[in-house]
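Colleague: My questions are about this predicted structure, shown below with the sequence.
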Amino acid sequence: MKVNIIDFKILWYGWNLRQFQLVSFRRFGNLKKEKFVKHMQLTRKEILHDLIRIFRENFEIDNPGMEDDLRKEYEFDSIDAIELLVEIEKMLGFPLTQEEKKQAINIRTFNQICDYIVAMASART
Amino acid sequence: MERRVVITAGSAITPIGHGKDEIIQSLINGVSGVKTLRKDDLLENYIHSKVFGTVDYPIEYDFKRSDRKTMGPVAYYACQVVKEVLEQAGLDNGFISSGRLGVAFGSTHGSPTVQRDIYRNFFGGSRDQFSTVSAVDYLKSMVHTTAVNITKMFGITGRVISSSTACTTSSQSIGFGYEMVKYGLQDAMICGGADEYDTTTVAVFDNLLACSTAFNDTPHLTPRPFEVRRDGLVVGEGGGAVLLEEYQQAKKRGANIIAEIIGFACNNNGGNLILPDVEGTKKTLRLGLKSAKIRADEVDFISAHATGTKMGDVIEAQAIHSIYDNSPYITSLKSYMGHTMGTCGVIEMVLTLYMMEKGFIAPTLNLKEIDKRCAMIRHVTELCESAIRVAAIQNFAFGGVNTSLIMKKI
């Protein structure tokens, strides 16, 4: 196969561009992955710590029990749940879809909230 | 069936005090609640008027989080005065949630503070992917936020009327509440209104050249209803509530009956939405008397709407003179606190009830030299001891809405 100099240049630039794209993608992907890993690496303890702060600051609920029914014990209603979802989005660093939010409707306990946050983070990996 | 309707409790948060004792002292001592306009980082630099009827004292709210979360500042005022009214009245919880107690309560436009925060969130340049309208923003800011926060906090299950007709908001609330009880649709109604600190309302009147600007450095000297040097109204804030009950029920349960509402009229000028209309006003006053089934000379005292605008005060004086001649004493209670907008009617009723109870009439503040065009009526220029047996509270609003409420001491 005969390759002239112009074709060679195109091939060379193309190869480099592809390499650049691949490197960039890898870097970007790694960054995103790192972010996810960070979320995934959030231990349940750390999630709980954040949640306790959110509940204290936003809902004036101090240290609820893991299995307390938040609705019955603390009058935590659907309006509060919507407010909490915004805080969870901030915690995760990405917005939740409407469908994902709807999955939270029946959550009643702190434990269930933790499970939900872990599940939402996992869904993005 | 027409039933008698009595007032068995009342309370107000006003620029001249909160509760009966403070307010009476301010009225007796001629204390003004008009102060320098507070900063709001929005409009205060663009408004020519720098005065405001200010509630600048702390109020200790003791509301649960579950109640507070749906309340903007306006609902705080509303729920606090209603709480005080229910405490005064001593209604039992069974009746409160029986469906026979309703609420007629409103504000000029819900909570502008919350609305402002929503707009700031979206148009303030700091929007991020998590910016959103909060789940409670609408509940806090909607026009009927006062009425429904009251029902929620106290478990009231009866009718809800939420008028929002600017300056006649709370007088309509009282009037419509009165009709609810009078015609047997409810046995009792909590009625009133509230409005919070808001510079957008000031800006509206400022734009229309209707706000006072000549006394920016001496806020206590304005507004000056019926006075030659009046230069416009002063916007204010506050809240007020009264409890209306069917007379026999109130008597049976041993309630403290303060006064009886004997008449109410409400109409519209049917024309200009801003300019006062002497014929429309006269018609309202006439209808009020007709509703009360009394003669004009039986009214001892009129709480005039009199905001201190150039034209409005003259039109009102002409209308009063035409219907009442110069028989009743006339005071503009807005001279003490400015125009508290949607809440002015109920605040003026509560203040009149206090004067009725204590046997005095507060003068119109800052009324040094009466405008000749307003001089044909019986102005109160000095504090006087006088028994008020029958009083009329009249209010007029943008949109051409007029109200007249007439009450009698029992």
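Modeller: Now that the structure is in, tell me what you want to look at. The structure presented is a predicted model; accordingly, all values stated were derived computationally and were not measured.
Colleague: Smallest gap between chain B and chain A, at which residue?
Modeller: residue B:135 (3.6 Å; Cβ to the nearest Cβ). (Each C-beta comes from the backbone N, C-alpha and C, glycine too.)
Colleague: In stretch B:17-35, which residues are buried?
Modeller: Of all the residues in stretch B:17-35, those buried under the rule 16 or more other Cβ atoms under 10 Å in any protein chain shown are B:17-18, B:20, B:23-24, B:26-27, B:30-35.
Colleague: How is the residue of chain B closest to chain A assigned, secondary-structure-wise?
Modeller: Look at residue B:135: counting by DSSP: H, G, I helix; E, B strand; the rest coil, its state is coil.
Colleague: burial of the nearest residue to it once chain neighbours are set aside, as a residue count?
Modeller: Once flanking residues are discounted, residue B:135 sits nearest to residue A:82: 3.6 Å by Cβ to Cβ, 6 or more residues apart in numbering or on different chains. For residue A:82, the neighbour count with other Cβ atoms under 10 Å in any protein chain shown is 16.
Colleague: How about residue A:57?
Modeller: Counted with other Cβ under 10 Å, residue A:57 comes out at 10.
Colleague: low-scoring stretches of the chain, by residue?
Modeller: Chain wasn't specified; assuming chain A. For chain A, the stretches flagged by pLDDT under 70 are A:1-42, A:125.
Colleague: wait, I meant chain B there
Modeller: For chain B (pLDDT under 70), the answer is B:125-131.
Colleague: Nearest to the spatial middle of it, which residue is it?
Modeller: Taking Cα atoms, centre = their mean as the criterion, residue B:344 is the residue nearest the geometric centre of chain B, at 2.1 Å.
Colleague: Tally up the residues packed near residue 105, please.
Modeller: In the absence of a named chain, this looks at chain A. The number of residues packed near residue A:105 is 9, by other Cβ under 10 Å.
Colleague: The chain in question should be chain B.
Modeller: Residues near residue B:105, counting by other Cβ under 10 Å: 39.
Colleague: Quick check: which element contains it?
Modeller: Using DSSP states H and E, residue B:105 maps to strand B:101-106.
Colleague: So which elements touch that strand?
Modeller: Applying 3 or more Cβ pairs under 8 Å, 6 or more residues apart in numbering or on different chains; DSSP states H and E, one finds that strand B:101-106 makes contact with helix B:145-154, strand B:160-161, helix B:169-182, strand B:188-195.
Colleague: Can I get the ones you listed in CSV including mean neighbour count and distance to residue B:110?
Modeller: Converted to CSV, those look like this (neighbours: other Cβ atoms under 10 Å in any protein chain shown; distance: least, Cβ to Cβ, whole Å):
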stretch, mean neighbour count, distance to residue B:110
helix B:145-154, 24, 5
strand B:160-161, 18, 15
helix B:169-182, 28, 11
strand B:188-195, 34, 10
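Colleague: Same list (the ones you listed) but as JSON lines, adding distance to residue B:88.
Modeller: Formatted as JSON lines, the helices and strands packed on strand B:101-106 follow (distance: least, Cβ to Cβ, whole Å):
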{"stretch": "helix B:145-154", "distance to residue B:88": "14"}
{"stretch": "strand B:160-161", "distance to residue B:88": "22"}
{"stretch": "helix B:169-182", "distance to residue B:88": "17"}
{"stretch": "strand B:188-195", "distance to residue B:88": "12"}
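Colleague: closest one to residue B:102 among these?
Modeller: Taking Cβ to Cβ, strand B:188-195 is the member of the helices and strands packed on strand B:101-106 nearest to residue B:102, at 4.9 Å.
Colleague: Show the subsequent helix or strand relative to the closest one.
Modeller: helix B:199-207.
Colleague: Which elements pack onto that following helix?
Modeller: Under the contact definition 3+ Cβ pairs under 8 Å, 6+ apart, helix B:199-207 sits against helix B:112-123.
Colleague: ok, is the helix it packs on in contact with chain A or not?
Modeller: No. On the criterion Cβ under 8 Å from any Cβ of the partner chain, helix B:112-123 is out of touch with chain A, staying 11.8 Å away.
Colleague: if we can go back for a sec, name the secondary structure element that contains the residue nearest to the centre of chain B.
Modeller: Element membership for residue B:344, per DSSP H and E: helix B:344-358.
Colleague: and the helix or strand just after that helix, which strands flank it?
Modeller: Of the helices and strands lying after helix B:344-358 in sequence (DSSP H and E), the nearest is strand B:360-361. As defined by DSSP bridges, the strand partners of strand B:360-361 come to strand B:384-385 (antiparallel).
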